[in-house]
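1. here's a sequence, model it:
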Amino acid sequence: MAKKKTTKAAAKPQAKFGIIGMAVMGQNLALNVESKGFPCAVFNRTGSRTKEFVEAKCQGKKVIPSYTLKDFVASIRRPRKIMLMVKAGEAVDAFIKKLLPLLEKGDLIEQGTHEELAAKEDGVYAKLLRMQSEAQSLIALGG
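-> Next up is the predicted model:
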């Protein structure tokens, strides 16, 4: 008789907030969010930076490391709130493109770089800013 493969049930999302980008500002933001009582998911493009941060500064804290974007998104409660703490421009655009297929209606992506710097290029983030502005205008007009 062949053994049936059993799959683990997906873990219930624990984080209330997620941060992508574990340079100094991303790390400090994650620690600040967690210190206010909000479990925080963290992800960095290079997994070694995530691992070093968690091992060095997050012992006993509710910081949830992920090493793939899929796991990162799955670790955050819905509606998801994700902060991008990556270099403005192409890096922001690249992460938005990778995140969008993993997100659902009502999820939120925010970026932590200065909007004027992030929107200088005609990239994905600049287009999202224009769409947001147009939507706010429609709401203001009752549309």
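2. contacts only, for the one residue sitting closest to the centre of the chain.
-> Nearest to the mean C-alpha position of the chain, counting by Cα atoms, centre = their mean, stands residue 82 at 3.3 Å. Residue 82 sits next to 17-20, 73, 76, 99, 107-110 when contact means Cβ atoms under 8 Å, 6 or more residues apart in numbering. Heads up, the C-betas are built off the backbone N, CA and C, glycines and all.
3. out of the residues you listed, who's the most crowded?
-> Tallying neighbours with other Cβ atoms under 10 Å puts residue 18 at the head of the contacts of residue 82, with 28 neighbours.
4. part of a strand, is that residue?
-> Yes - under DSSP: H, G, I helix; E, B strand; the rest coil, residue 18 sits within a strand.
5. picking that back up, can you list the contacts of residue 82 in JSON lines and add distance to residue 54?
-> JSON lines is the format used below for the contacts of residue 82 (distance: Cβ to Cβ, whole Å):
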{"residue": "17", "distance to residue 54": "16"}
{"residue": "18", "distance to residue 54": "14"}
{"residue": "19", "distance to residue 54": "12"}
{"residue": "20", "distance to residue 54": "14"}
{"residue": "73", "distance to residue 54": "18"}
{"residue": "76", "distance to residue 54": "16"}
{"residue": "99", "distance to residue 54": "21"}
{"residue": "107", "distance to residue 54": "24"}
{"residue": "108", "distance to residue 54": "24"}
{"residue": "109", "distance to residue 54": "22"}
{"residue": "110", "distance to residue 54": "22"}
